[in-house]
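> The following block contains a protein sequence and its predicted model.
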Protein chains: 2
Amino acid sequence: MPSRKPASFTKPKKLPNHKVHTRLAQAIGERILSGVYLPGSLLPNEAEWGAMFGASRTAVREAIKTLNGKGLLVSRTKVGSRVEPRDRWNLLDRDVLAWHCAAMDRRAFLQSAQEVRKLLEPGIAELAATKHSPGQLARLTAALEGMRQAKTAGEMVEPDVQFHLALLAATNNELLAPFGIIIEQALANLFDYTSRHNPKPLSVIPLHANVAAAVAASDGAKARHAVMILLEDTDAIIAAGQQPGRPAKMALKPA
Amino acid sequence: MPSRKPASFTKPKKLPNHKVHTRLAQAIGERILSGVYLPGSLLPNEAEWGAMFGASRTAVREAIKTLNGKGLLVSRTKVGSRVEPRDRWNLLDRDVLAWHCAAMDRRAFLQSAQEVRKLLEPGIAELAATKHSPGQLARLTAALEGMRQAKTAGEMVEPDVQFHLALLAATNNELLAPFGIIIEQALANLFDYTSRHNPKPLSVIPLHANVAAAVAASDGAKARHAVMILLEDTDAIIAAGQQPGRPAKMALKPA
DNA sequence: AACGATTATTTGTATGACAATTGATTTTTA
DNA sequence: TAAAAATCAATTGTCATACAAATAATCGTT
């Protein structure tokens, strides 16, 4: 019997993901997203993963089933587990997107994400303005209030995310919900980006307030426009981070 | 030996429903999507599922890990597996969306899907027009040719889907890729809808051709406009199906 | 009533055995 | 020789069992 040695991969003792199969799924998923195993290639077989990480085949199989569920892999008898083509990956899965962010350039991600946001969010705001139910305004205004009370830029991220998710929910179109995590990741990454230079961007609060007001007034066109301004502001923040020489003090144009 | 068919033909490639854990995942997933187990509620424990389906606990666990990966469930020791809130479900996962479609009214799905398409596709067409690489036009024109050569409405679905996926790919923004399955499902359902009344809608071919031409010419505004017309046409088809009294012969406006 | 120890229940992990599938190889046969 | 059939081998798929770990529920003591 081969002496089992302790797992050599990162053990996040803090995070509650102490379960072996979860750590395995994470480790394998990161390898796939970072390109260690390219689409179309075969992964090591279950026994090999087990030996690599000092885990039983049972745990390995459960990890693989998880990744299976995320569209990263397909397993076939006798042949093994093969990495699926990228367009079958569930990129909008929380874990997959997180692994993806970790493996790709942050700026590139932010730019892709902004591109998607600019496609979607103006239309979302318009839908929200015309289709929201009365109760859904509360969440919007609560988020806005949360942003106002934030004392640091870090504290503002959470209510900011909530604001945009509330907008999404107010469309009453559940097919839109999956795009929420792009917003979450984009804002979280954006905070990482800006917080080094820009302690607390007060300018975004009135911009959000404009959106909320337009939605509350059920004015679709105005809501769309207000969101577009908001996104342009975000673009400016990203662009400012682009040149590290500059102090990144752009876009202080309170409404 | 019982008479075995030679089967020298292309064998019908039966897909995985013979694996126990896959069937289990499907069965449980359908129950969740159809509301048998509501978000927040507890599922039967692993032993009970096993008894219900005559499967081992191992297989049940693998099925649950699959659903876990799709965001439908979280499992905790001693408490069991709990259904996640809907906004954490990976609705853009192929399986989840399929289960969802099966459990919801088709018209409602089509309308939600069209709403999303109208948000995204005009912008996608514009991006495709401005950002495509030369090689990506080939896929677009190939799909268009496939539509032309289709002899029935059924044969047209596949190239139609390919056309829109090619557009998506031409944006060179991988965060948009997950959206593709909404197109797939929407067009497949739409075909089911229209094929009963409308044998072959020739009208859509020139509309698609307009889009392809605008993209090839790198004319973003024109591409956006052409797609909007295409989507309005689709809307009309759906609306026509809405009144079963009418013969559904709308929208025959060849360009 | 508060609090700590105990218990019971459920998921998590490990192990070993065997079945099923199928790519690769070898043998048979036309 | 070439095609078809039989065989082999590697890998995932399934099962049964045992035990570990976590924790909700219970009980007992103060």
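Arrived safely.
> What parts of chain A come near DNA strand C?
Residues of chain A that fall close to DNA strand C, judged by C-beta under 7 Å from any atom of the strand: A:1, A:4, A:19-22, A:54-59, A:62, A:76-79. Just so you know, the C-beta spots here come from the backbone N, C-alpha and C atoms, and that holds for glycine as well.
> List buried residues within those.
Neighbour counting with 16 or more other C-beta atoms under 10 Å in any protein chain shown marks A:20, A:21, A:22, A:55, A:59, A:62 as buried within the residues of chain A next to DNA strand C.
> Out of the residues of chain A next to DNA strand C, which sit inside strands?
In strands, judged by DSSP state E, the following of these are found: residue A:76.
> Inside helices: which ones of the residues of chain A next to DNA strand C?
When the residues of chain A next to DNA strand C are checked against helices (DSSP state H), the matches are A:20, A:21, A:22, A:57, A:58, A:59, A:62.
> Not counting residues beside it along the chain, what's closest to the fifth one?
Spatially, and ignoring its direct neighbours in sequence, residue A:58 is nearest to residue B:58 (7.2 Å; C-beta to C-beta, 6 or more residues apart in numbering or on different chains).
> Same question for the first one.
If the residues on either side of it in the chain are set aside, residue A:20 comes closest to residue A:59, at 4.5 Å by C-beta to C-beta, 6+ apart.
> for chain A, what spans make up the helices?
Taking DSSP H as the criterion, chain A carries its helices at A:20-33, A:46-53, A:57-69, A:94-103, A:106-131, A:134-149, A:153-170, A:180-194, A:204-216, A:220-242.
> for the last one, what is the average pLDDT?
The average of the pLDDT scores along helix A:220-242 is 91.
> Which residues does that helix contact?
Helix A:220-242 has contacts (C-beta atoms under 8 Å, 6 or more residues apart in numbering or on different chains) with A:107, A:110-111, A:114, A:117-118, A:121-130, A:190, A:193-194, A:197-198, A:201, A:203-204, A:207-208, A:210-211, A:213-215, A:246, A:248-251.
> Any quick PyMOL command for the buried ones out of those residues?
In PyMOL, this line selects whichever of these come out buried by 16+ other C-beta under 10 Å:
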select buried, chain A and resi 110+114+117+118+121+122+123+124+125+126+127+128+129+190+193+194+198+201+203+204+207+208+210+211+214+215+248+250+251
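> among the contacts of helix A:220-242, which are in reach of chain B?
Contacts with chain B are made by A:118, A:123, A:124, A:127 out of the contacts of helix A:220-242, judged by C-beta under 8 Å from any C-beta of the partner chain.
> Grab the most central residue of chain A for me.
Note on chain A: the residue nearest the mean C-alpha position is residue A:185, at 2.7 Å, using C-alpha atoms, centre = their mean.
> and the residue lying closest to that one once chain neighbours are set aside, how many residues sit next to it?
Distance criterion C-beta to C-beta, 6+ apart; nearest residue to residue A:185, sequence neighbours excluded, is residue A:97 at 5.6 Å. By other C-beta atoms under 10 Å in any protein chain shown, 22 other residues sit near residue A:97.
> what do you get for residue A:209?
Using other C-beta under 10 Å, residue A:209 is surrounded by 16 other residues.
> Quick check: it touching residue A:144?
Yes - counting by C-beta atoms under 8 Å, residue A:209 touches residue A:144, with 6.1 Å between them.
> Show me whatever sits in contact with both of these two.
Counting by C-beta under 8 Å, 6+ apart, residue A:209 and residue A:144 have no shared contacts at all.
> Can you tell me the closest non-neighbouring residue to the residue in the stretch 1-150 of chain A positioned nearest to chain B?
The nearest approach of the stretch 1-150 of chain A to chain B comes at residue A:69, 2.7 Å away (C-beta to the nearest C-beta). With C-beta to C-beta, 6+ apart as the criterion, residue A:69 has its nearest non-adjacent residue at 2.7 Å, and that residue is residue B:69.
> which residues touch that neighbour?
Applying C-beta under 8 Å, 6+ apart to residue B:69 gives the contacts A:25, A:65, A:66, A:67, A:68, A:69, A:70, A:93.
> Next, format these as CSV and append pLDDT.
Converted to CSV, the contacts of residue B:69 look like this (pLDDT from 0 to 100):
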residue, pLDDT
A:25, 98
A:65, 98
A:66, 98
A:67, 98
A:68, 97
A:69, 97
A:70, 97
A:93, 96
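> Pull the most distant pair out of those.
Across the contacts of residue B:69, the longest distance by C-beta to C-beta is 14.4 Å; it joins A:65 and A:93.
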